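> Provided below for reference: sequence and predicted model.
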Amino acid sequence: MLPLLQLVPAKLVNSSCSLEKTLQCSCSFHGIPTPSVQWWMGGVPVGVDGMDGSLQVTSTMLGPWANSTISLTEEPEMGMRLLCEGKNQNGTHALSILLMSRKSSLAAQAFVKGLIQGAIYGGIVIALLFLCLLPLIVKHIRKKQAKKAAAIGAKKSSKVRESQELEMSLKPEEPGKPIVATFSESRILEKQDKRAS
């Protein structure tokens, strides 16, 4: 009696990509029955064991193992997806590879774009904040100036009053004219009257 072969779904056991003059990616699958390998480029299937312009696919099968390599001779479009799919009647297993251009990194471009946008938005926010605070700043400055002006005015008026009082006290009394005394002089006179009596 022959031993029964156990059925095993296709499983990816190894994958690699290298870049020298060309980009080469390889996938190795294991399964019983032996899995078939299909490459997809941008959602379109790539022919097996043939050359399709800038693509070359080679596949080998040995027992339950299936190996396949794809070579890209031209630089891929940025963001292009490469899919390596192994399948048999018991299951499918796949590996998706995102291809990037050597000339420009998508991550670096996104970072720079985000940095510039952040700087612009930050500048706008600071300008708006300044415009919102400007009336408060002006009001505060005007209030300080008004207090300063009031203090200077009060100081001047007190000096004027003092000089007027001094002038009044230095004037000789004329006979027959009523005596006009300032508030402070009248208090002094009242105090003197109280002491005399």
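Thanks, I have it.
> distance of residue 68 from residue 77?
Plainly put, residue 68 is 22 Å away from residue 77 if you go by CB to CB, to the nearest Å. Any C-beta I mention is one placed from the backbone N, CA and C, and that applies to glycine too.
> between those two, who's got more neighbours?
For residue 68 versus residue 77, neighbours defined as other CB atoms under 10 Å are more numerous around residue 68 (24 against 10).
> distance of the more buried one from residue 149?
The span separating residue 68 from residue 149 equals 90 Å under the rule CB to CB.
> And for residue 60?
Distance, residue 60 to residue 149, using CB to CB: 96 Å.
> From the contact counts, what lies against the longest helix along the chain?
With residue count as the measure and DSSP state H as the assignment, the chain has helix 106-170 as its longest helix. Using 3 or more CB pairs under 8 Å, 6 or more residues apart in numbering; DSSP states H and E as the contact definition, the elements that helix 106-170 packs against are helix 183-196.
> per-residue confidence for residue 36?
What the model reports as pLDDT for residue 36 is 91.
> which residues touch it?
For residue 36, the residues meeting the contact criterion (CB atoms under 8 Å, 6 or more residues apart in numbering) are 66, 86-88.
> cool, and residue 130?
Contact criterion CB under 8 Å, 6+ apart gives no residues in contact with residue 130.
> Nearest residue to the middle of this structure?
Among the residues of the chain, residue 118 comes closest to the average C-alpha position under CA atoms, centre = their mean, at 4.5 Å.
> From residue 125, how far off is that residue?
For residue 118, the distance to residue 125 (CB to CB) stands at 10 Å.
> Likewise for residue 91?
54 Å.
> who's more crowded, those two?
Neighbours were tallied for residue 91 and for residue 125 using other CB under 10 Å; the higher tally belongs to residue 91 (14 against 10).
> Need the pLDDT of residue 139.
92.
> do the one 10 residues further on as well
Turning to residue 149, the model gives it a pLDDT of 88.
> Check residue 177 too.
At residue 177 the predicted local confidence, pLDDT, stands at 55.
> Over to residue 32?
You'll see residue 32 listed with a pLDDT of 90.
> how much space between the residue lying closest to it once chain neighbours are set aside and residue 65?
Beyond its immediate neighbours in the sequence, the residue positioned closest to residue 32 (CB to CB, 6 or more residues apart in numbering) is residue 8, lying 4.3 Å away. Distance of residue 8 to residue 65, computed by CB to CB: 12 Å.
> Common neighbours of these two, please.
When contacts are counted by CB under 8 Å, 6+ apart, the set common to residue 8 and residue 65 consists of residue 30.
> Make a markdown table out of the contacts of residue 36 and add neighbour count, secondary structure and pLDDT.
Putting the contacts of residue 36 into a markdown table (neighbours: other CB atoms under 10 Å; DSSP: H, G, I helix; E, B strand; the rest coil; pLDDT from 0 to 100) gives the following:
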| residue | neighbour count | secondary structure | pLDDT |
| --- | --- | --- | --- |
| 66 | 23 | strand | 93 |
| 86 | 27 | strand | 92 |
| 87 | 18 | strand | 92 |
| 88 | 22 | strand | 91 |
